[in-house]
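A.B. asks: sequence and predicted structure are below.
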Number of protein chains: 2
Amino acid sequence: MSRAGQQTFVYDRPPVIAAHASVAGPKEAQGPLAPWFDALLEDDLLGQKSWELAEMEMVRRCVMDALNQARMPAESVQALLGGDLNNQIIASSFAARALGMPFLGQYGACSTFVQALAVASALISGGFLDSAACVASSHFCTAERQFRFPLELGTQRPPQASWTATACGCALLKGEGEGLRITSGTLGRVIDLNITDANHMGAAMAPAVFDTLAAHFSDMGRRAEDYDLIATGDLGWIGRDLLLELCDAAGVSLPPDRLIDCGASLFYREQDAHAGGSGCGCVASVSCGWLMKRLERGELNRLLLVGSGAMLSPTSSQQGQSVPGIACAVSIERGR
Amino acid sequence: MSRAGQQTFVYDRPPVIAAHASVAGPKEAQGPLAPWFDALLEDDLLGQKSWELAEMEMVRRCVMDALNQARMPAESVQALLGGDLNNQIIASSFAARALGMPFLGQYGACSTFVQALAVASALISGGFLDSAACVASSHFCTAERQFRFPLELGTQRPPQASWTATACGCALLKGEGEGLRITSGTLGRVIDLNITDANHMGAAMAPAVFDTLAAHFSDMGRRAEDYDLIATGDLGWIGRDLLLELCDAAGVSLPPDRLIDCGASLFYREQDAHAGGSGCGCVASVSCGWLMKRLERGELNRLLLVGSGAMLSPTSSQQGQSVPGIACAVSIERGR
């Protein structure tokens, strides 16, 4: 069986996470997860001439770190699946140019990393690939000037705004070997409850996370209590509360002590990140840097990682469109 | 066997193309392929208030046309895989919102449609999906104002520039049934021969098409003569000639009479489209509207469809980066 219900892939031959690497920027290095990240940046330009070039270099370094951990040369990896928030996902595609791997560009906004894991796991489980690197990144400075305002303006941010993480995560999947395994993946529908405030991404995405969670539980015949932890990324503090409200209203059990949000975990409240962290790199770095290590240490046995994305563009917002959300989930398990 | 060589998926249970639909805009409706398209637009606004909304509506209509042909309701299709040139692929994701299908956003610039076919075919062949809709679109007016200049300026276009097609194509794939079958898919690497003229996309993409073609032939133990037709999309007239030169220089046989380019087929030379058609919708509409019908009529038995994309953004060009290309191929066969 390779499928359950309408939206869930079940990986008969679950791929192993052979290595995982994370990079976090200077502000993220001041947050509570700093000790967990594999690399901390002192300079968010990484010695490059532009923030976009810096993000490309961050992606390249992060993938190389995962490859080095697994002692695999880049040319032995059969595909790179990834994306980012830059227009035309240039951070990922230019990193793919530097790495020389076959590339499958993925885009699900901040759910991109989890989408890449779900698709790559299917390609490996189905025997189409022996190995794949999944990567996603974001950079505060590239995202601000592209989606919002030039940083030089010093524009005030509303309290419901999230803070795009300067971060990257890469998981290297293989068909054979020892390690954590990705056992299932649930695709998401594009859900829109007519949030028109493009800063209020937690509210825009919480309904999509609820929809995918409910589909996952229904498809797999599971409930929240079957997981040691459900990690969303990135609803932030506001969106996390909204998700709990949605579950409560629908009678879907979601014990708050089993739910964390990557965006709400990345920064201290006093770091002025408002609603919390966001960006494709947030869930990627927090899961690769923190959650996968907690699984490997035996602190968790079964994790449900739910990436959520706001599928907006500056153009869609300027034209008065509401902000649709999407969420994609994978279950990651220890031992087997 | 689900894989051949380093870059090629072999579909043990090759998915069937249950239906395919195409939409073409007003200029495309004046071209040589007009009689083949399923729908011709008289108005490239489709009654919407903006070109972006028009492109979303074009995608929705095209997918609905394919669904209607196959007599499948939208809710029975397990995934929509697609993308477009708009920042954050809003044409596809907003269409996915309207259609309610689980969505996997794909991005490979103008190779997006073929990438979606390659990935969806693997997910179906591997038993993860029973059905999937693959879609890609482009719109001249959304692309011009996003990538180049506001149309109102009437900026002159250089002769090597291609013309972004206002067009959309959708192929509905199923695991079971009668029809054309997708038998293999070859992923592409990001190739960059340092073309810095962002208008010269044929030159930027031809090396990537060559790289993927060579990988496909090597992985599958095939040569060009094993195909009735090799269709690239979209190199245009200049890029097509460059591909022939690259093959000649490398000693890879590619008989010119077996090679067509979707972008070089969409317009008459006198239509002032310069190097030919381009855009995600070009290869999608030409393959769904023309090539798949020629296969069904028995005029062709085995087609290799090679989508090529230029992975640039206005930001990457403004920062002096060269234009990397990528190409993805699928073989489509009649009968079996």
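C.D. replies: Looks like it came in fine.

A.B. asks: for A:G335, give me the pLDDT.
C.D. replies: If you check A:G335, the pLDDT there is 78.

A.B. asks: repeat for A:F149
C.D. replies: 89.

A.B. asks: what about the closest residue in space to it that isn't next to it in sequence, how many residues nearby?
C.D. replies: In space, A:F149 comes closest to A:T155 once its chain neighbours are excluded; the distance is 4.2 Å by C-beta to C-beta, 6 or more residues apart in numbering or on different chains. In short, each C-beta sits where N, CA and C put it, glycine included. If you count neighbours by other C-beta atoms under 10 Å in any protein chain shown, A:T155 ends up with 10.

A.B. asks: tell me the secondary structure of A:T155, please.
C.D. replies: The three-state label given to A:T155 by DSSP: H, G, I helix; E, B strand; the rest coil is coil.

A.B. asks: I figured it was touching A:A161, is that so?
C.D. replies: No - with contact defined as C-beta atoms under 8 Å, A:T155 does not reach A:A161; the gap is 10.3 Å.

A.B. asks: so what's the residue count around A:A98?
C.D. replies: 17.

A.B. asks: now A:G277
C.D. replies: By other C-beta under 10 Å, the burial measure for A:G277, its neighbour count, is 35.

A.B. asks: what do you get for A:L246?
C.D. replies: There are 19 residues near A:L246, going by other C-beta under 10 Å.

A.B. asks: now it: how far from chain B?
C.D. replies: 18 Å (C-beta to the nearest C-beta, to the nearest Å).

A.B. asks: could you do A:A165 as well?
C.D. replies: 18 Å.

A.B. asks: now do A:A74
C.D. replies: Taking C-beta to the nearest C-beta, one finds A:A74 at 11 Å from chain B.

A.B. asks: tell me the contacts of that residue?
C.D. replies: Residues near A:A74 by C-beta atoms under 8 Å, 6 or more residues apart in numbering or on different chains: A:V63, A:M64, A:L67, A:L99, A:G100, A:M101.

A.B. asks: buried ones among the residues you listed?
C.D. replies: A:V63, A:M64, A:L67, A:L99, A:M101 (16 or more other C-beta atoms under 10 Å in any protein chain shown).

A.B. asks: would you turn those into TSV with secondary structure?
C.D. replies: TSV is the format used below for these (three-state DSSP):
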residue	secondary structure
A:V63	helix
A:M64	helix
A:L67	helix
A:L99	helix
A:M101	coil
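
A.B. asks: for chain B, what's its nearest residue on chain A.
C.D. replies: Per C-beta to the nearest C-beta, the residue of chain A with the smallest distance to chain B is A:G126, at 2.8 Å.

A.B. asks: before we move on, what's the pLDDT of the residue lying closest to that residue once chain neighbours are set aside?
C.D. replies: Closest residue to A:G126 apart from its sequence neighbours, by C-beta to C-beta, 6+ apart: B:G126 at 2.8 Å. As predicted, B:G126 sits at a pLDDT of 97.

A.B. asks: pretty sure B:G126 contacts A:S125?
C.D. replies: Yes - if you go by C-beta under 8 Å, B:G126 and A:S125 touch, sitting 7.0 Å apart.

A.B. asks: quick one: the strands in the stretch 1-150 of chain A?
C.D. replies: Under the criterion DSSP state E, counting those that start in this stretch, the stretch 1-150 of chain A contains strands at A:3-4, A:8-10, A:16-24, A:39-40, A:80-84, A:103-105, A:131-138.

A.B. asks: now those strands in CSV, with distance to chain B?
C.D. replies: As requested, the strands of the stretch 1-150 of chain A are exported to CSV (distance: least, C-beta to the nearest C-beta, whole Å):
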stretch, distance to chain B
strand A:3-4, 6
strand A:8-10, 5
strand A:16-24, 18
strand A:39-40, 24
strand A:80-84, 7
strand A:103-105, 4
strand A:131-138, 10
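
A.B. asks: Throw the ones you listed into a markdown table and include mean pLDDT, thanks.
C.D. replies: Compiled in a markdown table, those are given as follows (pLDDT from 0 to 100):
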| stretch | mean pLDDT |
| --- | --- |
| strand A:3-4 | 90 |
| strand A:8-10 | 98 |
| strand A:16-24 | 98 |
| strand A:39-40 | 98 |
| strand A:80-84 | 98 |
| strand A:103-105 | 98 |
| strand A:131-138 | 98 |
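
A.B. asks: turn those into TSV, columns for distance to B:L172.
C.D. replies: Formatted as TSV, the strands of the stretch 1-150 of chain A follow (distance: least, C-beta to C-beta, whole Å):
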stretch	distance to B:L172
strand A:3-4	18
strand A:8-10	20
strand A:16-24	34
strand A:39-40	44
strand A:80-84	24
strand A:103-105	21
strand A:131-138	27
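
A.B. asks: give me phi/psi at the residue nearest to A:G126?
C.D. replies: phi -80, psi 0 (degrees, to the nearest 10).

A.B. asks: can you give me the neighbour number for it?
C.D. replies: 26.

A.B. asks: how is chain A carved up into domains?
C.D. replies: A:3-174, A:181-333 (automatic domain parsing).

A.B. asks: out of the ones you listed, nearest to B:R258?
C.D. replies: Smallest distance to B:R258 across the domains of chain A (C-beta to C-beta): 24.9 Å, for domain A:3-174.

A.B. asks: overlap of the contact sets of B:G126 and A:S125?
C.D. replies: The contact lists of B:G126 and A:S125 share A:S2, where a contact means C-beta under 8 Å, 6+ apart.

A.B. asks: bridged to A:A132, which residues?
C.D. replies: A:L173 (DSSP bridges).

A.B. asks: residues near it, how many?
C.D. replies: Residues near A:A132, counting by other C-beta under 10 Å: 28.

A.B. asks: give the contact list for it.
C.D. replies: With C-beta under 8 Å, 6+ apart, A:A132 has these contacts: A:P15, A:V77, A:Q78, A:A79, A:L80, A:L81, A:A120, A:L123, A:I124, A:L172, A:L173.

A.B. asks: ok, the first one touching A:V119?
C.D. replies: Read it as A:P15. No - between A:P15 and A:V119 there is no contact under C-beta under 8 Å: 11.3 Å.

A.B. asks: coming back round to it: taking the contacts of A:A132, tell me the two that lie furthest apart.
C.D. replies: Top of the distance list for the contacts of A:A132 (C-beta to C-beta): A:P15 and A:L80, 14.9 Å.

A.B. asks: enumerate the residues of the stretch 201-336 of chain A near chain B.
C.D. replies: The stretch 201-336 of chain A has residues A:M311, A:L312, A:S313, A:P314, A:T315, A:S316, A:Q319, A:Q321, A:P324, A:I326 near chain B, with proximity defined as C-beta under 8 Å from any C-beta of the partner chain.
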